[in-house]
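In: just coords:
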């Protein structure tokens, strides 16, 4: 039996290794290909064997597999230092919302005016967070509605790709009392009061709202439906826009009789990166 320190396959997979043990060579070479083709391991610096993966053995004494990278390559971190993705490879990317995001609000004597055509809507595109970001409520004889608008710059993404999944993440703030919907936004950039009704179509997703409670972010994750994913595909290479609304009163057009229909959120101007809205897209 050859000592493991003298084994022809110890240092590299070459002709001597194949001549000595063709079966071992083929199995080790297949494992090397697995490294090259496995998602997330595409790198000129080949990683070491993942923990828990059972390697082929060198001899009956169960000596471990030798390194299967060839000098001068050395084991390195997983990452995109090079390599070519296999055809159909799924790519995941996360993009933070643009600081152009913000909200528009109304304050009227009637629900119809407050929801549909406020006389003097207000606006903010600089807030870092707000406790009434998506709301529809009545208070002291007046009606209030607030809608939030998001922007995501997708100009870096290639067009024509299939969208496997798309999730918009928003961290809540202070109030989390009802449901919130997200739908296609048609607002301009920058956001203006004339964008009050700048949205179209049915919701891409509806959530029962959660708020940030230290130390848990409790991020609200809008997983976009089929039409939502189609919308993202249309917007690859440009800007995707969304409108978020209080669902039970504002979106459904149900006049509130009391005031607890309020939900807060953090915006992209927040100094803490983890609190900013984002979109995660998987495409291929």
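Out: Yep, that arrived. Since the structure is predicted, the reported quantities are computational estimates derived from the model, not experimental observations.
In: So in terms of bridging, what pairs with the residue nearest to residue 203 when sequence neighbours are not counted?
Out: Once flanking residues are discounted, residue 203 sits nearest to residue 181: 3.8 Å by CB to CB, 6 or more residues apart in numbering. Just so you know, the C-beta spots here come from the backbone N, C-alpha and C atoms, and that holds for glycine as well. Applying DSSP bridges to residue 181 gives these bridge partners: residue 206, residue 245.
In: neighbours of residue 181, just the number please.
Out: 22 (other CB atoms under 10 Å).
In: now it: how far from residue 247?
Out: To residue 247, residue 181 is 4 Å away according to CB to CB, to the nearest Å.
In: any common contacting residues for these two?
Out: By CB atoms under 8 Å, 6 or more residues apart in numbering, residue 181 and residue 247 have these common neighbours: 203, 206.
In: Any stretches of this protein with poor pLDDT?
Out: Along the chain, the model assigns pLDDT under 70 to residues 1-7, 10-12, 29-88.
In: Do you have the strands of it handy? List them.
Out: Using DSSP state E, the strands of the chain run over 91-96, 102-108, 122-124, 129-139, 142-153, 163-170, 172-176, 179-185, 199-208, 220-223, 239-246, 262-266, 278-283.
In: Turn these into JSON lines, including distance to residue 253.
Out: Below are the strands of the chain laid out as JSON lines (distance: least, CB to CB, whole Å):
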{"stretch": "strand 91-96", "distance to residue 253": "32"}
{"stretch": "strand 102-108", "distance to residue 253": "14"}
{"stretch": "strand 122-124", "distance to residue 253": "21"}
{"stretch": "strand 129-139", "distance to residue 253": "9"}
{"stretch": "strand 142-153", "distance to residue 253": "11"}
{"stretch": "strand 163-170", "distance to residue 253": "23"}
{"stretch": "strand 172-176", "distance to residue 253": "21"}
{"stretch": "strand 179-185", "distance to residue 253": "12"}
{"stretch": "strand 199-208", "distance to residue 253": "14"}
{"stretch": "strand 220-223", "distance to residue 253": "21"}
{"stretch": "strand 239-246", "distance to residue 253": "11"}
{"stretch": "strand 262-266", "distance to residue 253": "17"}
{"stretch": "strand 278-283", "distance to residue 253": "28"}
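In: Minimum distance to residue 25: which of those strands has it?
Out: strand 91-96 (33.3 Å; CB to CB).
In: burial count for residue 237?
Out: Neighbourhood size, residue 237 [other CB under 10 Å]: 13.
In: Report the beta-bridge partner residues of residue 166.
Out: Beta bridges link residue 166 to residue 281, judged by DSSP bridges.
In: can you pull the contacts of it?
Out: 223-224, 228-229, 232, 279-282.
In: Report the spatially nearest residue to residue 124, omitting neighbours in sequence.
Out: Closest residue to residue 124 apart from its sequence neighbours, by CB to CB, 6+ apart: residue 102 at 5.3 Å.
In: neighbours around that neighbour, how many?
Out: By other CB under 10 Å, 24 other residues sit near residue 102.
In: Show me what it is bridged to.
Out: Beta-bridge pairing for residue 102 (DSSP bridges): residue 149.
In: Is it in contact with residue 148, as I believe?
Out: Yes: in this structure, residue 102 is within contact of residue 148 by CB atoms under 8 Å, at 7.2 Å.
In: Would you mark the buried spots in stretch 204-212?
Out: Neighbour counts over stretch 204-212 (16 or more other CB atoms under 10 Å) mark 204-207, 209-212 as buried.
In: And for stretch 162-180?
Out: For stretch 162-180, burial by neighbour count (16+ other CB under 10 Å) applies to 163, 166-180.
In: Any idea how far apart the tips of that stretch sit?
Out: Terminal residues of stretch 162-180 are spaced 27 Å apart (CA to CA, to the nearest Å).
In: That stretch: how far from the chain's middle?
Out: Per CA atoms, centre = their mean, to the nearest Å, the displacement of stretch 162-180 from the mean C-alpha position of its chain is 11 Å.
In: cool, and stretch 265-284?
Out: Stretch 265-284 sits 8 Å away from the centroid of its parent chain (CA atoms, centre = their mean).
In: Buried residues, that stretch. List them.
Out: Buried residues in stretch 265-284, counting neighbours by 16+ other CB under 10 Å, are found at 265-270, 275-279, 281-283.
In: Right, I'll call it a day here.
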